[in-house]
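Chemist: Here's my sequence, what's the structure:
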Amino acid sequence: MSKRLRLILLSFLMLFVELALIRWTGSNILYLSYFSNFVLLGSFLGIGIGFLRAHARRNLFPFAPVALAFFVGFVLIFPVEIDRSGSDLIYFGYLTTTGLPTWVMLPIVFVAVAGVMAMIAEGVARTFAEFEALEAYRLDIAGSICGIVAFSLLSFVWAPPLAWGIVAALLFALLLRGHMRALQWLALAGLVFMLGRETIVPEWSWSPYYKVQVGEADGTGRVVISANGIPHQAISPTAQ
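Modeler: Residues are numbered from 1 along each chain as shown. Prediction:
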């Protein structure tokens, strides 16, 4: 693979994963619905750290798929959504949630996102440093724009998280070719598997903006529609 193509693909991966994390974490962690730029800020911090490590002795890019798989697993194990087990009305601002509390979840998410993006950005930075500045910026911007366009197109056609995971896994496998070990293969397989399991849940669909859940509540025939874990609408049967 030429160095130019490698830099374009690395930049593509960096922006694609950043957008996927912003979209996906918000669909599984309620708190991020109210801190819409939280993951973005963590990504910016991570990218900055990654570029500062362009000449570091230890290359952390090969560990990026492992870190990403662990983060996805953590979010799926500890999702945060509104607790709908009771029959009380839900008022905005008075929400009972499942999962870890805000003061625990948000710092973990911020540090994890920054760590994942730092590892990916380090791969970009190490290749970036091999070019003249203007040439490197040109290739970096081209790859970044392609990553944004690709994720936007997948969202537009209602592609589920499995599609995002497959794209990221293929790019990692291609870019780490020759450096893939059992740990990396296991992480990529786990990433695709976890996102695949989330994708096949029949009650969930993925619109261009939200994870939409439609399901029967409490066995009463009442259908509840939620967007990103937040109850949006309910349909109740009328008495005959």
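
Chemist: Determine the number of other residues adjacent to the residue lying closest to residue 31 once chain neighbours are set aside.
Modeler: Distance criterion Cβ to Cβ, 6 or more residues apart in numbering; nearest residue to residue 31, sequence neighbours excluded, is residue 102 at 5.4 Å. From N, CA and C alone the C-beta is placed, and that goes for glycine too. Neighbourhood size, residue 102 [other Cβ atoms under 10 Å]: 15.

Chemist: All the strands of the chain, in order from the start?
Modeler: For the chain, the strands defined by DSSP state E cover 204-206, 211-217, 222-227, 230-235.

Chemist: how about those in a markdown table, adding mean neighbour count and distance to residue 147?
Modeler: Output for the strands of the chain, formatted as a markdown table (neighbours: other Cβ atoms under 10 Å; distance: least, Cβ to Cβ, whole Å):
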| stretch | mean neighbour count | distance to residue 147 |
| --- | --- | --- |
| strand 204-206 | 18 | 19 |
| strand 211-217 | 16 | 22 |
| strand 222-227 | 16 | 26 |
| strand 230-235 | 13 | 29 |
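
Chemist: Residue 35: which of those is closest?
Modeler: Judged by Cβ to Cβ, the one of the strands of the chain that comes nearest to residue 35 is strand 230-235, at 14.2 Å.

Chemist: Let me know the average pLDDT across that closest one.
Modeler: Strand 230-235 shows a mean pLDDT of 77.

Chemist: quick one: low-confidence ranges for the chain?
Modeler: 34, 82-99, 217-220, 239-240 (pLDDT under 70).

Chemist: For residue 206, list the residues it contacts.
Modeler: Residue 206 makes contacts with 27, 158-161, 199, 212, as judged by Cβ atoms under 8 Å, 6 or more residues apart in numbering.

Chemist: Give me the buried subset of those.
Modeler: Among the contacts of residue 206, those classed as buried by 16 or more other Cβ atoms under 10 Å are 27, 159-161, 199, 212.

Chemist: Next, the contact list for residue 200, please.
Modeler: No contacts exist for residue 200 under Cβ under 8 Å, 6+ apart.

Chemist: For the remainder of this discussion, apply numbering that starts at 14.
Modeler: All right, first residue 14 from here; so that's residue 213.

Chemist: coming back round to it: mark which of the contacts of residue 219 are part of helices, please.
Modeler: 40, 174, 212 (DSSP state H).
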